[in-house]
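[1] From the sequence below, what's the structure:
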Amino acid sequence: MAIKFRKSIKIAPGVRMNVGKKGVGFSAGVRGARVSTSSRGTNVSVGIPGSGVSSSHRISSSKSKRPQRTQYDRIQDKQGKATATNKARLSVEQYNAHVEMLTTMHLEPSSIIDWEERAACPPPFESREDGPSYMLANKILNQFKPSLRDRFFNRVEQRKFSLQQLLVDAEVEDKKILSDWNLSIEQTQKILANDLAEFEQILKNYRPFDDIEDLQGKVSYTFPHPGTVIARLEIESNDTVPEKTLSLTATGKLSEKKMAKGKYLLLYQDFVSSGMLRIAREFFSLLPMQTVIVHTYGYSQAVAPPEYGCILSIKVNRADLEDINWESIDCSEMIEQFDHNMKFLKTKGFKLIEEVQLL
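    Sure, this is the predicted structure:
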């Protein structure tokens with residue numbers, strides 16, 4: 001049989017100390033309403049004296065509960081998960097964009113400059129004539145009619161002076177237009193005369209190989225004969241072509257896997273081929289070249305340890321590029337349509353080869 005022990009001691013009017021086996025508690029109040037505390041917590045009892053109607057409820061407990069997560073915490077967690085998902089999606093998008101860039105460099109050459117057409121281009125106007133800017137400014141001046149506001153505010157002469165100054169500025173602009181045309185004709189004649197310094201200036205101004213060099217490749221070139229350029233693409237690192245694939249799982253998480261060797265080698269071949277076609281197209285677009293030879297130097301993949309040397313070499317004539325639908329070609333297959341040297345094994349990659357020679 002369980003033994004209970006409880007003793008209640010009055011310590012002040014309406015206040016009692018209760019001593020039991022589990023500790024000491026206190027109670028206070030008046031008839032019909034009391035508050036008691038103990039090791040179990042705090043209770044409030046309220047009743048109507050003599051009616052038998054009362055209620056009691058606990059307003060605190062000594063037992064500690066796990067704090068409830070606030071709405072802010074839940075929102076933060078959701079945002080954290082969303083941020084992680086967005087980061088994963090962004091990583092995959094960046095990866096796909098990089099891979100696409102590696103294999104589509106040939107699609108974005110500079111606009112074609114027709115040097116023969118430029119040489120035949122007449123001047124915008126004869127030097128003894130009024131230029132287009134001056135004629136327009138003069139027409140505006142002749143058609144000027146002061147408004148009522150101009151007369152009221154006494155600014156008619158000020159408006160005429162401004163229009164006359166516009167004539168002066170227009171004359172300066174026309175002189176610049178004619179000067180620019182003369183410089184263009186002078187440059188065109190040098191280009192058609194195979195002026196190598198002017199070739200270098202054109203390539204310096206247009207910077208056609210910047211994006212190739214951003215992908216850890218270096219482009220150099222020489223002009224051995226009129227109408228011929230020999231370019232060299234040096235791939236300084238194999239890290240440009242990723243060896244892993246990135247994708248999203250069904251739950252939006254980032255999945256990183258090692259790329260199959262055969263897929264990696266084909267991607268590397270397309271990267272090299274696209275870069276070489278881009279170089280050839282740039283020279284045909286910007287300069288009056290008839291033949292472009294491109295040698296690519298990098299690490300052979302078919303031998304261990306890899307050796308550095310020429311892995312692909314092509315010779316392209318301007319006529320070879322006519323009627324090509326660049327959007328639909330396979331770069332690696334297109335290379336084989338030209339005079340080329342290439343030893344590529346689908347399971348091993350590039351072997352070193354000899355450069356195509358200029359005959």
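[2] Could you list the low-pLDDT ranges of this structure?
    For the chain, applying pLDDT under 70 flags the ranges 1-82.
[3] Please enumerate the helices of it.
    71-103, 115-119, 132-142, 148-152, 156-192, 196-206, 210-214, 261-286, 331-335 (DSSP state H).
[4] Now tell me what touches the third one from outside.
    Residues from elsewhere that reach helix 132-142, judged by Cβ atoms under 8 Å, 6 or more residues apart in numbering: 124-125, 130, 160, 163-164, 166-167, 169-171, 173-174, 177. C-beta coordinates here come from the backbone N, C-alpha and C atoms, glycine included.
[5] from those residues, which would you call buried?
    Neighbour-count burial (16 or more other Cβ atoms under 10 Å) applied to the contacts of helix 132-142 gives 125, 163, 166-167, 170-171, 174.
[6] from those residues, which is closest to Asn325?
    Set against Asn325, the nearest of the buried ones among the contacts of helix 132-142 by Cβ to Cβ is Phe125 (40.9 Å).
[7] biggest separation within the contacts of helix 132-142, which pair?
    The most widely separated members of the contacts of helix 132-142, counting by Cβ to Cβ, are Pro124 and Lys160 (28.8 Å).
[8] residues in contact with the nearest residue to Gly298 once chain neighbours are set aside?
    Spatial nearest neighbour of Gly298, chain neighbours left out: Ile235 (3.7 Å); criterion: Cβ to Cβ, 6 or more residues apart in numbering. With contacts defined as Cβ under 8 Å, 6+ apart, Ile235 is in contact with 216-217, 272, 296-299.
[9] Tell me which of the residues you listed fall in strands.
    217, 296-299 (DSSP state E).
[10] In JSON lines, list the residues you listed along with distance to Asp330.
    Formatted as JSON lines, the ones in strands among the contacts of Ile235 follow (distance: Cβ to Cβ, whole Å):
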{"residue": "Gly217", "distance to Asp330": "21"}
{"residue": "Thr296", "distance to Asp330": "17"}
{"residue": "Tyr297", "distance to Asp330": "23"}
{"residue": "Gly298", "distance to Asp330": "20"}
{"residue": "Tyr299", "distance to Asp330": "23"}
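[11] Provide a list of residues in contact with Leu163.
    Going by Cβ under 8 Å, 6+ apart, Leu163 touches 137, 140-141, 144.
[12] Closest one to Thr222 out of the residues you listed, please.
    Checking the contacts of Leu163 against Thr222 by Cβ to Cβ gives Ala137 as the nearest, at 49.9 Å.
[13] burial of the closest one, as a residue count?
    Around Ala137 there are 23 other residues, counting by other Cβ atoms under 10 Å.
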